[in-house]
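>>> need coordinates for the below:
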Amino acid sequence: MTEQKQDYAIQVQQGSYIAPAVTVKDALMRYQAMKEFVDGILKPKVDYGIIPGTSDKPTLLKPGAEKLASFFGLRPVFTVNERIDDWTGESRGGEPFFLRDYKCQLYRAGELIGEGCGSCNSWESKYRYRNANRKCPVCGKETIIKGKAEYGGGWICFAKKGGCGAKFDANDPQITGQETGKIKNPDIFDQVNTIDKMAQKRALIAAVLIATNASDYFTQDIEDFVDAEFAEMHEQETEPTKEAKKAKTPELDLTPVPFDGESKMSLELAETEVNSKGEKYGDIPTDKLTHMFNTMSKLENKTEDHIRKMEAIKTILQARAMDAA
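Coordinates of the predicted model:
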C-alpha cells in the first residue's frame, strides 16, 4: 500500500473507529530509534540487568529509567498518594510502621504523557527483619562460634573471621542471653529515607515503562531477588535460537530439597516469611517452594536474606514431608 493510500485508509476509519495517531512509517521510525537507544546507550548492570531466578526479560533500573525519560524529553513530577509515619507503633502492637505511596507523572511541553504509582513500606521483609548472630561482648563483632569439645568447648570469638579471640564459658549469659536468628529490625528508623526513595523509584520506573512503551524490552517484576547480583547480558542470539526458546515450555526445577540435618528455624517462624507479593511461605504450594529453593541455591553470591529464606523453605518442606508420612 502506498503512503497516499495508507493515509486515506486512516481517514476512512475516523468515522467509526479510533484512528491511529501516527502512520505505520512513523511508528517504524520510532521503534527503530528506541531499539538503537537501548542497544547503544543503555548499559547492562547499570541501566538494566537480569536477576537470576526471574524472567529472562531484563529489569529496568533507576539509571536506565532516568535516561529513557531524558531521551523522550519527559519531566517527572511526584505527588504523595499516601504517607504513614507511625513512630511508636501505637495502632500496630507497638511495632513502628512507615509507608510511602507516590504517583509519578511524566510531562512533555506541559502535556501529561504517562503516569505510574509505586509504594514501599517498613513491613517488607528486607526492611522489617534482620538476621541476628551472636556478638562478642569484648569487640562487638558477630564472630562468636561454638568451641570444639576437644579444645575445652564454650564459646570463642573466632579470630579467623576477624574476631578478637576472646573465650567464654558454655553457659555465659553474655552469649546465651543474646537473641539470634530472624529478628525485628532494631534500626528501622534508619530506613525511613530509604523507604521514601524506593517508593519514588518504583513510581518512576512504572511511569517510564508506560510512557515510553519500553515493556517490550524491560520489566519491573523482580520477585524475591532484589538483592541478587545481576547476570551478564549475552550478545544477540541467532533467530533459530530465539525460535527454539519460544517453542520450549519452561519447566519448574522440582529437584527434591536436601534435608541434611535438623532445621535451625521453627516452623512457626518459617511460615511467616513472605515474598515480595506479601504471600506467606506457609501458604505457598510445595512445588513452588521447591522451585524457589532450587533457584536460590544456584546463586553464586547468596545474601543473608537468601540463606534465611532457604532455611525457612527447608523447614516447611521437611514438616510437610513428615505430615505426609
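
>>> would you map the strands across the stretch 101-250 of the chain?
Using DSSP state E, counting those that start in this stretch, the strands of the stretch 101-250 of the chain run over residues 111-121, 129-132, 144-146, 155-157, 167-168, 181-184.

>>> for these, which one sits closest to Glu300?
For the strands of the stretch 101-250 of the chain, proximity to Glu300 was assessed by CB to CB; strand 129-132 is nearest, at 19.4 Å. Where you see a C-beta, it was placed from the backbone N, CA and C, and this is true even at glycine.

>>> averaged pLDDT, the closest one. What do you get?
For strand 129-132, mean pLDDT is 85.

>>> what of stretch 47-57?
71.

>>> what's the answer for stretch 272-281, then?
Rounded mean pLDDT across stretch 272-281 is 80.

>>> so which of the strands of the stretch 101-250 of the chain is the most packed in?
The highest average neighbour count among the strands of the stretch 101-250 of the chain, using mean count of other CB atoms under 10 Å, belongs to strand 155-157 at a mean of 23.

>>> adjacent strands (with direction) for it?
strand 144-146 (antiparallel), strand 167-168 (antiparallel) (DSSP bridges).

>>> let me have those in a markdown table, adding mean pLDDT and distance to Arg134 as columns.
Listed next are the strands paired with strand 155-157 as a markdown table, based on pLDDT from 0 to 100; distance: least, CB to CB, whole Å:
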| stretch | mean pLDDT | distance to Arg134 |
| --- | --- | --- |
| strand 144-146 | 89 | 4 |
| strand 167-168 | 92 | 10 |
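
>>> nearest to Arg75, out of those?
strand 144-146 (52.8 Å).

>>> coming back round to it: out of the strands paired with strand 155-157, flag the one nearest Ala199.
Using CB to CB, the nearest of the strands paired with strand 155-157 to Ala199 is strand 144-146, at 37.0 Å.

>>> so where does Thr79 fall, helix or strand?
Under the criterion of DSSP states H and E, Thr79 resides in strand 75-86.

>>> tilt between that strand and strand 111-121?
30 degrees (axes from the mean of the first three to the mean of the last three CA atoms, to 10 degrees).

>>> sheet partners, orientation included, of strand 75-86?
Strand 75-86 is paired, per DSSP bridges, with strand 97-108 (antiparallel).

>>> how is the chain divided into domains?
Using automatic domain parsing, the domains assigned to the chain come out as 134-179, 245-325.

>>> how about those domains, which one is nearest Lys62?
The nearest among these, by CB to CB, is domain 245-325 at 17.2 Å.

>>> mind checking how far the closest one is from the chain centre?
Computed by CA atoms, centre = their mean, to the nearest Å, the chain-centroid distance of domain 245-325 equals 16 Å.

>>> and the helices in this structure?
3-13, 24-40, 62-71, 125-128, 173-176, 192-211, 239-247, 267-272, 286-297, 304-324 (DSSP state H).

>>> hang on, the earlier thing: any idea of the mean pLDDT for the strand holding Thr79?
So the average pLDDT for strand 75-86 ends up being 96.

>>> list the buried residues of that strand.
For strand 75-86, burial by neighbour count (16 or more other CB atoms under 10 Å) applies to Pro76.

>>> tell me which residues of stretch 287-303 come out buried.
Here stretch 287-303 shows 289-296, 299, 302-303 as buried, counting by 16+ other CB under 10 Å.

>>> pLDDT of it, averaged?
83.

>>> about what we covered before: mind putting the buried residues of stretch 287-303 in JSON lines, distance to Ser122 included?
Shown next, in JSON lines, are these (distance: CB to CB, whole Å):
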{"residue": "Leu289", "distance to Ser122": "26"}
{"residue": "Thr290", "distance to Ser122": "30"}
{"residue": "His291", "distance to Ser122": "29"}
{"residue": "Met292", "distance to Ser122": "24"}
{"residue": "Phe293", "distance to Ser122": "27"}
{"residue": "Asn294", "distance to Ser122": "30"}
{"residue": "Thr295", "distance to Ser122": "27"}
{"residue": "Met296", "distance to Ser122": "24"}
{"residue": "Leu299", "distance to Ser122": "26"}
{"residue": "Lys302", "distance to Ser122": "24"}
{"residue": "Thr303", "distance to Ser122": "19"}
